[in-house]
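Engineer: Can you look at this prediction? I've put the sequence above it.
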Amino acid sequence: MTSDPQLLDRVSEERTPEQYVLDSEEAAAESERIRWMWQEFEELGDRCRQLLRVLMASPPPSYHEVSAALGIAVGSIGPLRQRCLRRLRARLDARGAL
């Protein structure tokens, strides 16, 4: 027993066994969501997969570079990207992954 109340208020720097379990479950769930995302991504059409892969590059290319690489008009890239992401989101939602 201690007479120092501040000692009892300190947060332990060590994780509890329960926290390890929670962290492990959270990591497993996140891994599953990522796996589902890539599975659904692979089910998109070729054009969507190509566009989204190019746009995910680091550093991201300019729309002019995307246009030249994929043969898509610059003005069509944004709307096509939006449709592709909407399809992906709908597929993930139908799967219960969102």
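Structural biologist: Yep, it's here. Numbering: from 1, shown residues only.

Engineer: going forward, measure contacts and count neighbours with C-alpha atoms only.
Structural biologist: Noted.

Engineer: quick one: the residue nearest to the spatial centre of the chain from Pro79, how far?
Structural biologist: Central residue of the chain (CA atoms, centre = their mean): Ile34, 6.5 Å from the mean position. Distance, Ile34 to Pro79, using CA to CA, to the nearest Å: 25 Å.

Engineer: Going along the chain, name the helices of the chain.
Structural biologist: Using DSSP state H, the helices of the chain run over 5-9, 17-43, 46-55, 63-70, 74-95.

Engineer: can you pull the buried residues of the longest one?
Structural biologist: Going by neighbour count (16 or more other CA atoms under 10 Å), the buried part of helix 17-43 is Arg33, Trp36, Met37, Glu40, Phe41.

Engineer: cool, and the last one?
Structural biologist: Going by neighbour count (16+ other CA under 10 Å), the buried part of helix 74-95 is Ile77, Leu80, Arg81, Cys84, Leu85, Arg87, Leu88, Arg89, Arg91, Leu92.

Engineer: The last one reaches Trp36, doesn't it?
Structural biologist: Yes - assessed by CA atoms under 8 Å, Leu92 is found in contact with Trp36 at 7.4 Å.

Engineer: ok, back up a step: export the buried residues of helix 17-43 as JSON lines, with columns for pLDDT and distance to His64.
Structural biologist: Below are the buried residues of helix 17-43 laid out as JSON lines (pLDDT from 0 to 100; distance: CA to CA, whole Å):
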{"residue": "Arg33", "pLDDT": "87", "distance to His64": "33"}
{"residue": "Trp36", "pLDDT": "89", "distance to His64": "31"}
{"residue": "Met37", "pLDDT": "90", "distance to His64": "28"}
{"residue": "Glu40", "pLDDT": "93", "distance to His64": "28"}
{"residue": "Phe41", "pLDDT": "95", "distance to His64": "24"}
